[in-house]
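> Quick one, structure for this:
(one chain, ligands or ions: 1)
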Amino acid sequence: MINRPRRLRTNPAMRGMVSENRVEARHLVLPAFVADGIDEARPISSMPGQFQHTLDGIKKLANECAEAGLAGIMLFGVPKPEDKDANGTKALAPDGILNRAIREVRDEVGDGLLVMTDVCLDEFTDHGHCGVLNPDGVVNNDLTVLLYAEMARIHAECGAHMVAPSGMMDGQVLAIREALDDADHDDVAIMAYGAKYASAFYGPFREAVGSSLQGDRKTYQQDPANAREALREVFADVEQGADIVMVKPALPYLDILRQVADAVDIPVAAYNVSGEYSMVEAAAANGWLDRERTIDESLLAIRRAGADITLSYWALEWAQRQAR
Ligand code: PBG
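Modelled structure (predicted):
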């Protein structure tokens, strides 16, 4: 036999020499939740190990992320239930929880960690949809885009390095780019959720942000059956000025991630979402999976499929483990 692939697997040095991909802390972003009106961190039962943080807690967490060498923290705000309304007013209010958190976290970390923000209304609306509704209950695209543009401008004002519109409204990236530039925030980058699917894998996130969504998001998020449509969405975002495009979820959509990475010449991010996290945590808690090996393999698979940047609830723990 001439070809014996096993020769290159004989010992750790040999395997290390031919290893093609590696996860690095500087490519990882931790999504994190900050809640209004709580005085201590509240565990998210659908995502064991994750919390809704207080303002003080999120600052401390951001410091730990910087220390561990992560790229950034992606902030999600959780308003008090009584502060939610049909238009998501608190998303634009100076004392809205997300806006306060952005200011405080940016003050705390400076440029030592990238402060990224979720630009979307679902955490702030009482109906749980990502935008404002027409009388028939369908999300009004163009009105919602106006609100996103204003929200992004406020995030930039509060100190965000990067805004991440996740609502899948048509034209959202261009509207945000123009609003940022008009307000002299041309340095603030846009990470566009280019290909975002209407996925069951977001299930555990609903509890994380206290969302009360009835129904689904199928009129704005993509059909899991479609691949070519992802490229159309991503190209539209590139044309509208996205600096980074994202594919979400990650593990069930590695084919999409690879196609996007091959198709665009800007950095590509992938979001290892709540359901991907909680499945592994639940199986590990039952002793069915080796938790750390499964986490490492998950992050590596996402990287191998083409992610330059990965958002993961395991980001901090993973980076801290490498440092040990
Ligand atoms: C929308 C948003 C969602 C997630 C991130 N941004 C929820 C949704 O689209 O239904 C899900 C993230 C996750 O599941 O980890 N603001």
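> quick one: average confidence on stretch 105-113?
Confidence for stretch 105-113, expressed as mean pLDDT, is 98.
> Spell out which parts of the stretch 101-250 of the chain neighbour the ligand.
118, 120, 122, 130, 166, 202, 205, 217 (CB under 6 Å from any ligand atom). Every residue, glycine included, has its C-beta placed from N, CA and C.
> just checking, next helix/strand downstream of whichever strand or helix holds the first one?
In other words, residue 118. Assigned by DSSP states H and E, residue 118 belongs to strand 114-119. Per DSSP H and E, strand 114-119 leads on to helix 141-158 as the next helix or strand towards the C-terminus.
> contacts for that following helix?
87-88, 91-92, 94, 98-99, 102-103, 106, 117, 119-121, 130-132, 163, 165, 167, 169-172, 175-176, 178-180, 183, 185, 188, 190, 220 (CB atoms under 8 Å, 6 or more residues apart in numbering).
> In this structure residue 89 contacts residue 124, no?
Yes - at 7.2 Å, residue 89 and residue 124 qualify as touching, with contact defined as CB atoms under 8 Å.
> who's more crowded, these two?
residue 124 (27 against 16; other CB atoms under 10 Å).
> Just to check, that one is in contact with residue 96?
Yes - counting by CB under 8 Å, residue 96 is a contact partner of residue 124 at 7.4 Å.
> any common contacting residues for the two?
Contacts common to residue 124 and residue 96, judged by CB under 8 Å, 6+ apart, are 77, 79, 90.
> mind listing what the first one touches?
Taking CB under 8 Å, 6+ apart as the definition of contact, the neighbours of residue 77 are 33-36, 91, 96-99, 101, 118, 123-124.
> if you set the cut-off to 7 Å instead, what comes out?
34, 96, 97, 98, 101, 123 (CB atoms under 7 Å, 6 or more residues apart in numbering).
> Just to check, residue 78 is in contact with residue 32?
No - using CB atoms under 7 Å, residue 78 makes no contact with residue 32, being 10.7 Å away.
> Helix or strand with the lowest mean pLDDT in the protein?
Lowest on mean pLDDT, DSSP states H and E among the helices and strands of the chain sits helix 203-208, with a mean of 92.
> Quick one: residues in contact with it.
So helix 203-208 is contacted by 33, 44, 45, 46, 47, 50, 213, 273, 274, 275, 278 (CB under 7 Å, 6+ apart).
> rerun that using 6 Å as the cut-off
33, 44, 46, 47, 274, 275, 278 (CB atoms under 6 Å, 6 or more residues apart in numbering).
> same question, stretch 19-33
52, 61, 65, 69-74, 76, 78, 208, 299-300, 303-304, 309-311, 315-316, 319.
> Give the closest residue to residue 45 in space, chain neighbours not counted.
residue 207 (6.7 Å; CB to CB, 6 or more residues apart in numbering).
> wait, I meant residue 195
Per CB to CB, 6+ apart, closest to residue 195 is residue 230, 3.7 Å.
> that older thread, filter the contacts of residue 77 down to just the ones in strands.
Cross-referencing those against strands under DSSP state E gives residue 34.
> Check the contacts of residue 77 and tell me the two furthest apart.
101 and 123 (11.9 Å; CB to CB).
> These two: which is more packed in?
Ranked by neighbour count (other CB under 10 Å), residue 101 and residue 123 place residue 101 first, with 29 against 26.
> Please name the nearest non-neighbouring residue to that one.
residue 34 is the one closest to residue 101 (CB to CB, 6+ apart), at 4.3 Å.
> Then residue 304?
Leaving out its chain neighbours, the residue that sits closest to residue 304 by CB to CB, 6+ apart is residue 21, at 4.7 Å.
> what's the burial count for that neighbour?
Count around residue 21 with other CB under 10 Å applied: 10.
> Also residue 207?
Residue 207, neighbours per other CB under 10 Å, totals 15.
> With residue 45 instead?
Residue 45: 10 surrounding residues under other CB under 10 Å.
> With residue 120 instead?
Neighbour count for residue 120, taken as other CB under 10 Å: 27.
> And it, how close does it get to residue 248?
12 Å (CB to CB, to the nearest Å).
> Likewise for residue 322?
25 Å.
> next one: residue 158
24 Å.
> which of these two has more neighbours?
A count of neighbours by other CB under 10 Å puts residue 248 above the other of residue 158 and residue 248, at 25 against 21.
> what sits against the more buried one?
Taking CB under 6 Å, 6+ apart, one finds 193, 196, 271 in contact with residue 248.
> Can you give me the pLDDT of it?
On pLDDT, residue 248 comes in at 98.
> And for it, nearest residue in space, chain neighbours not counted?
Per CB to CB, 6+ apart, closest to residue 248 is residue 271, 3.9 Å.
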